[in-house]
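Undergrad: test case, fold it:
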Amino acid sequence: MKTFLGVVLAVLLGMGGGDALAQVSDINSAINKAGSLRFQAHRMARLYLQVGMGIEADRSKRQLESVSGLYDRRLIELKNYAPTPEIKETYVSLEKAWIGYKDLLFGAKVSPENARKIVEVSDQLVSIANKATGQLASYSGSTQGGLVNVSGRQRMLSQRMGKYFQAMAWGVAPANAQSEINKDRAEFVQKLDELAAAPNNTQAIKDELALARQQWFFFENALTGREVDKKVSQINVATTGERILETMDNIVGMYEKLAK
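TA: Numbering: from 1, shown residues only. Model prediction:
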């Protein structure tokens, strides 16, 4: 019996670092984590595509497995936290969609046919996650909560652009992929300006937003595919996509703390 309990405890403690046992602490924490379910759905699709194309394949596979576990945990946290029946219902819907998406990601051999489905289903998953994030932002009713949502959406846009770029490179993208990238590029720049104009930005937030603009310069260059060697462009999107995501994630965290 002691051995069994020890194994169970070890599994619980080894689920993935401190975040494994972390709980949603307040509404702004909820908005941040809710927003992460938007970008991680796109990110997992991008990572899957990179595995299939042999772009940073080993690293992409490890990241894909790690993000999947994180998605499981955050979805449970948010469903349990949901402050209204309507928000809880949205997370029940997201949970059902996630089960199907996860089966596509891990239940079959990596292939272009499966990749097409993943690109499509990831959009459906993000749509539900986005609805939930908006519900939480409206529930918060605060300016800071809105900034957490807007900056969090920037993470999602970066991963969506990267996903569509890699899908086009593999020949598994929907017909409107390039037009969607173009729209996302315009929105990303617009929202950077909106965040920069926020009156309650601290100097640290201003500095991080300046870094985000620098990262955006490199990411956008990669997205435009100006490299003669297309493989280089695909690698650049993989690496710069992760860097701009990290920077925007830092900014979301700063806005979350600002609201407390």
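Undergrad: can you tell me how far R74 is from A41?
TA: 11 Å (C-beta to C-beta, to the nearest Å). C-beta: built from backbone N, CA, C; applies to glycine.
Undergrad: more crowded one of those two?
TA: A41 (30 against 19; other C-beta atoms under 10 Å).
Undergrad: wait, that one sits on A129?
TA: Yes. Counting by C-beta atoms under 8 Å, A41 touches A129, with 6.3 Å between them.
Undergrad: for A210, grab the count of nearby residues.
TA: Residues near A210, counting by other C-beta under 10 Å: 11.
Undergrad: repeat for M44
TA: Neighbours of M44 (other C-beta under 10 Å): 26.
Undergrad: ok, it touching E65?
TA: No. Counting by C-beta under 8 Å, M44 does not reach E65; the two are 9.8 Å apart.
Undergrad: least confident secondary structure element in this protein?
TA: Every helix and strand of the chain was ranked by mean pLDDT, DSSP states H and E. The lowest is helix 2-13, at a mean of 36.
Undergrad: need the next SSE after that helix, C-terminal direction.
TA: Using DSSP states H and E, the helix or strand that follows helix 2-13 in sequence is helix 27-53.
Undergrad: so for that next one, mean pLDDT?
TA: Averaged across helix 27-53, pLDDT comes to 95.
Undergrad: which helices and strands sit right next to that helix?
TA: helix 57-81, helix 85-106, helix 112-140, helix 143-170, helix 230-258 (3 or more C-beta pairs under 8 Å, 6 or more residues apart in numbering; DSSP states H and E).
Undergrad: turn those helices into CSV, columns for distance to V189 and mean pLDDT.
TA: Below are those laid out as CSV (distance: least, C-beta to C-beta, whole Å; pLDDT from 0 to 100):
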stretch, distance to V189, mean pLDDT
helix 57-81, 26, 96
helix 85-106, 29, 97
helix 112-140, 20, 95
helix 143-170, 10, 93
helix 230-258, 13, 93
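Undergrad: any idea which of these is most buried?
TA: Greatest average neighbour count among these goes to helix 143-170 (a mean of 24), per mean count of other C-beta atoms under 10 Å.
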